[in-house]
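S.K.: Structure for this input, please:
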Amino acid sequence: MTAPQPMNAEQRVQRKFSFGWAAAALLLLAAVALFDRWLATFPDRVELGWRAAPIAATPVAFDGDFGPLRLAAAWRLTSNDRRFGGISALVVDRGRLVALSDSGVLVRFTASRRAALIGELPEGPRSRDYKANRDSEALIADPRGRGWWVAFENRDQLWLYGSNFSKALRTIGLGKRNWRRNSGIEGLLVDGESLLLLHEAGENLIRVTGSQATVMPISGARGRISDGVALGSGQWLVVERRWTLRGIRNALVVLHRSESGYRLCRRIRLPLGALDLVEAAAIERLPDGRRRLWLMTDDNLQPPMRTLLIALDLPSAL
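M.R.: Presented below is the predicted three-dimensional model:
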């Protein structure tokens with residue numbers, strides 16, 4: 001006995017409805033992607049030049065400890081200069097902190113003073129009117145003392161600037177790497193006279209010596225890497241981030257050389273907030289000989305994310 005015709009008709013209607021819903025969803029995604037590309041054709045970046053700006057620092061407390069590291073202080077930083085935020089890199093220069101944003105903005109300040117000098121990198125990839133061209137993600141002192149190296153994501157380039165950031169001295173293109181948009185070099189380290197370029201995925205790094213670039217594996221990664229600092233004796237401390245159902249998990253991980261490349265080991269979890277994304281790290285030798293680790297978070301210029309400045313004192317050995 002054959003099934004009644006109405007039942008078959010209903011099944012066909014359900015399949016057509018399912019296919020129609022999927023097609024509509026794909027069309028919506030395509031429309032969003034096209035709209036995003038259309039918006040990217042409009043200038044979205046304005047340079048204001050160097051000027052002094054106040055910084056408000058509000059003390060912050062955390063639930064939990066930092067393992068073998070001692071929390072010296074932590075603040076939430078805000079400023080009325082609209083360029084402040086989106087911090088992606090940090091260095092110590094002659095006793096002052098220099099933070100770099102992901103739109104080519106430099107912020108010179110000290111933790112004890114409530115004012116900063118804010119300005120832009122003098123040059124960079126392509127037109128300065130587009131943020132995608134100034135997506136500066138990493139900053140480190142040149143191992144030969146010539147100035148500062150900056151890594152630009154999306155354009156996949158390294159730029160060397162003079163010691164006072166007044167002009168660009170050299171440019172290195174990283175070639176076509178088939179990296180996704182906003183997925184490129186996130187951190188820079190120095191190993192002897194070589195630069196170590198940390199890719200965000202955390203699975204490998206690019207070792208640049210002179211004009212020679214070598215891709216080397218990193219074993220032991222559990223998340224994405226942002227920035228790092230040198231500990232000496234072939235060891236570094238890098239920031240590792242993971243996105244979970246409970247928010248962002250930040251950790252410090254020791255990176256050291258191995259026979260086949262580099263290896264990550266010994267994680268120190270950072271008990272920060274669920275929306276705190278650590279992007280920048282710098283190390284400073286204090287007058288009493290202690291080593292102080294400075295960390296900054298990226299607020300993506302979007303509340304309720306925060307720009308935090310965190311001071312951690314390192315033990316004599318990790």
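
S.K.: Now find how far off-centre stretch 98-112 is within its chain.
M.R.: Here the centre of stretch 98-112 is set off from its chain's centre by 13 Å, with C-alpha atoms, centre = their mean, to the nearest Å.

S.K.: So which bits of it are buried?
M.R.: 98-109, 111 (16 or more other C-beta atoms under 10 Å). Quick note: C-beta positions are derived from backbone N, CA and C, even for glycine.

S.K.: Same check on stretch 221-231?
M.R.: Buried residues in stretch 221-231, counted by 16+ other C-beta under 10 Å: 221, 223, 224, 225, 226, 227, 228, 229, 230, 231.

S.K.: From what I see, the first one and residue 263 are in contact.
M.R.: So that's residue 221. No - between residue 221 and residue 263 there is no contact under C-beta atoms under 8 Å: 9.5 Å.

S.K.: pLDDT score for the closest residue to residue 69 other than its chain neighbours?
M.R.: Spatially, and ignoring its direct neighbours in sequence, residue 69 is nearest to residue 312 (4.4 Å; C-beta to C-beta, 6 or more residues apart in numbering). Here, the pLDDT recorded for residue 312 equals 98.

S.K.: Tell me which helix or strand residue 312 sits in.
M.R.: Per DSSP states H and E: residue 312 is located in strand 308-313.

S.K.: partners of the residue nearest to residue 67 when sequence neighbours are not counted in the sheet?
M.R.: Nearest residue to residue 67, sequence neighbours excluded (C-beta to C-beta, 6+ apart): residue 268, at 4.5 Å. When bridges are called by DSSP bridges, residue 268 pairs up with residue 252.

S.K.: ok, residue 268 - contacts?
M.R.: If a contact means C-beta atoms under 8 Å, 6 or more residues apart in numbering, then residue 268 has 66, 67, 68, 69, 251, 252, 253 as its contacts.

S.K.: Point out where the stretch 151-300 of the chain drops to low pLDDT.
M.R.: 176-183 (pLDDT under 70).

S.K.: What residues sit buried inside stretch 235-246?
M.R.: By 16+ other C-beta under 10 Å, the buried positions in stretch 235-246 come out as 236, 237, 238, 239, 240, 241.

S.K.: Next step: those residues restricted to helices.
M.R.: Among the buried residues of stretch 235-246, DSSP state H puts none in helices.

S.K.: three-state assignment of the closest residue to residue 125 other than its chain neighbours?
M.R.: With sequence-adjacent residues excluded and distances taken as C-beta to C-beta, 6+ apart, residue 125 is closest to residue 155, at 3.9 Å. Applying DSSP: H, G, I helix; E, B strand; the rest coil to residue 155 yields a three-state assignment of coil.

S.K.: show me where the stretch 51-200 of the chain has strands.
M.R.: Taking DSSP state E, counting those that start in this stretch as the test, the strands found in the stretch 51-200 of the chain are 51-59, 70-79, 87-93, 96-101, 105-109, 115-120, 136-141, 148-152, 157-161, 168-173, 185-191, 194-199.

S.K.: Spit out the contact partners of the residue nearest to residue 220 when sequence neighbours are not counted.
M.R.: Distances taken as C-beta to C-beta, 6+ apart put residue 264 closest to residue 220, at 3.8 Å, once the chain neighbours are dropped. For residue 264, the contacting residues are 202, 218, 219, 220, 221, 222, 238, 240, 253, 254, 255, by C-beta under 8 Å, 6+ apart.

S.K.: From the residues you listed, pick the one nearest residue 192.
M.R.: Nearest to residue 192 among the contacts of residue 264, counting by C-beta to C-beta, is residue 255 at 15.0 Å.

S.K.: who's in contact with the closest residue to that closest one other than its chain neighbours?
M.R.: With sequence-adjacent residues excluded and distances taken as C-beta to C-beta, 6+ apart, residue 255 is closest to residue 236, at 4.5 Å. Counting by C-beta under 8 Å, 6+ apart, residue 236 makes contact with 189, 196, 228, 229, 230, 254, 255, 256.

S.K.: and what of residue 246?
M.R.: Contact partners of residue 246, counting by C-beta under 8 Å, 6+ apart, are residue 274.

S.K.: Which strand or helix spans residue 275?
M.R.: Using DSSP H and E, no helix or strand contains residue 275.

S.K.: Now for it: which residues touch it?
M.R.: Neighbouring residues of residue 275 by C-beta under 8 Å, 6+ apart: 247, 248, 304, 305, 306.
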